[in-house]
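Q: Take a look and give me a structure for this.
(2 chains)
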Amino acid sequence: AQSVTQPDIHITVSEGASLELRCNYSYGATPYLFWYVQSPGQGLQLLLKYFSGDTLVQGIKGFEAEFKRSQSSFNLRKPSVHWSDAAEYFCATYGNQFYFGTGTSLTVIP
Amino acid sequence: NAGVTQTPKFQVLKTGQSMTLQCAQDMNHEYMSWYRQDPGMGLRLIHYSVGAGITDQGEVPNGYNVSRSTTEDFPLRLLSAAPSQTSVYFCASRSLEGLAGNQQFFGPGTRLTVL
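A: Got it, this is the predicted structure:
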């Protein structure tokens, strides 16, 4: 069955520092992969998605993610974190339905 | 264009009570779904629908009923609430046209507490 794993429950970074959130997927073929962000008390917002083609995907709010088949990973990156990026981040994959990871909570310290 | 709307935003129930969580979308999406979000568990699919009159179970359907009489509405019913159903519930919709895995649009959520 398809699944995604987010190994980091919580990450703290300083404002202005770079960020990488990890996501590993389990699927034999090329998966559909997504990153969502959830601000406190809000619903989920799509940051970016990967279906095929270029393995480096650009998203909104300055985020990008790289699909690495050899590592079964789809890590989310941002070169310089802003305080407003503090939120919960979910990786997801799609087969006949969406499967979400357990989320990574990001804290940004000044 | 309101997107996906959910009511109520907050609800407190006593064990055994029933209630309906409302979800509506104005994007003419065929696919609608309900998730529950619990700490450390991510989002888990409860029920989904691929069109009016068609519903199916997701990962955690027990204790919940759904129906889809119109394209726009997809209510979630708790027939006899239990404390284990304390959670945040999200409704989502997406189009089935084009690429599989089209973007899902999420509602703002309903925070339910069962005492």
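Q: Can you pull out the residues in contact with stretch A:34-46?
A: Contacts of stretch A:34-46 with the rest of the structure, by Cβ atoms under 8 Å, 6 or more residues apart in numbering or on different chains, involve A:21, A:23, A:47-50, A:59-61, A:63, A:65, A:74, A:76, A:87-94, A:98, A:100, A:103, B:4, B:43, B:90, B:92, B:101, B:103-104, B:106-109. Quick note: C-beta positions are derived from backbone N, CA and C, even for glycine.
Q: which of these are buried?
A: A:21, A:23, A:47-50, A:59, A:63, A:65, A:74, A:76, A:87-94, A:98, A:100, A:103, B:4, B:43, B:90, B:92, B:101, B:104, B:106-107, B:109 (16 or more other Cβ atoms under 10 Å in any protein chain shown).
Q: How far does stretch A:29-43 sit from its chain's centre?
A: 7 Å (Cα atoms, centre = their mean, to the nearest Å).
Q: which bits of chain A sit near chain B?
A: Residues of chain A lying close to chain B (Cβ under 8 Å from any Cβ of the partner chain) are A:9, A:32, A:34, A:41-46, A:49, A:51, A:90, A:94, A:97-98, A:100-103.
Q: Return the subset of these lying in strands.
A: Judged by DSSP state E, the subset of the residues of chain A next to chain B located in strands is A:Y32, A:F34, A:L44, A:Q45, A:L46, A:K49, A:F90, A:Y94, A:F98, A:F100.
Q: Share the number of residues neighbouring the fifth one, please.
A: The one in question is A:L46. 16 (other Cβ atoms under 10 Å in any protein chain shown).
Q: same check, this time on the fourth one
A: Close neighbours of A:Q45, defined as other Cβ under 10 Å, add up to 15.
Q: What separation do you get for it and A:G59?
A: Applying Cβ to Cβ, to the nearest Å, the value for A:Q45 to A:G59 is 10 Å.
Q: Flag the shaky bits of chain B, pLDDT-wise.
A: Low-confidence regions of chain B, defined by pLDDT under 70, span residues B:1, B:99-101.
Q: Repeat the analysis, applying 90 as the threshold.
A: B:1-2, B:39-42, B:59, B:95-104 (pLDDT under 90).
Q: Where do the strands of it begin and end?
A: Using DSSP E, the strands of chain B run over B:4-7, B:10-13, B:19-25, B:31-38, B:42-51, B:54-57, B:64-66, B:76-78, B:87-94, B:105-106, B:110-114.
Q: will you turn the ones you listed into JSON lines that also has distance to chain A?
A: Output for the strands of chain B, formatted as JSON lines (distance: least, Cβ to the nearest Cβ, whole Å):
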{"stretch": "strand B:4-7", "distance to chain A": "8"}
{"stretch": "strand B:10-13", "distance to chain A": "11"}
{"stretch": "strand B:19-25", "distance to chain A": "11"}
{"stretch": "strand B:31-38", "distance to chain A": "8"}
{"stretch": "strand B:42-51", "distance to chain A": "4"}
{"stretch": "strand B:54-57", "distance to chain A": "9"}
{"stretch": "strand B:64-66", "distance to chain A": "14"}
{"stretch": "strand B:76-78", "distance to chain A": "15"}
{"stretch": "strand B:87-94", "distance to chain A": "6"}
{"stretch": "strand B:105-106", "distance to chain A": "4"}
{"stretch": "strand B:110-114", "distance to chain A": "9"}
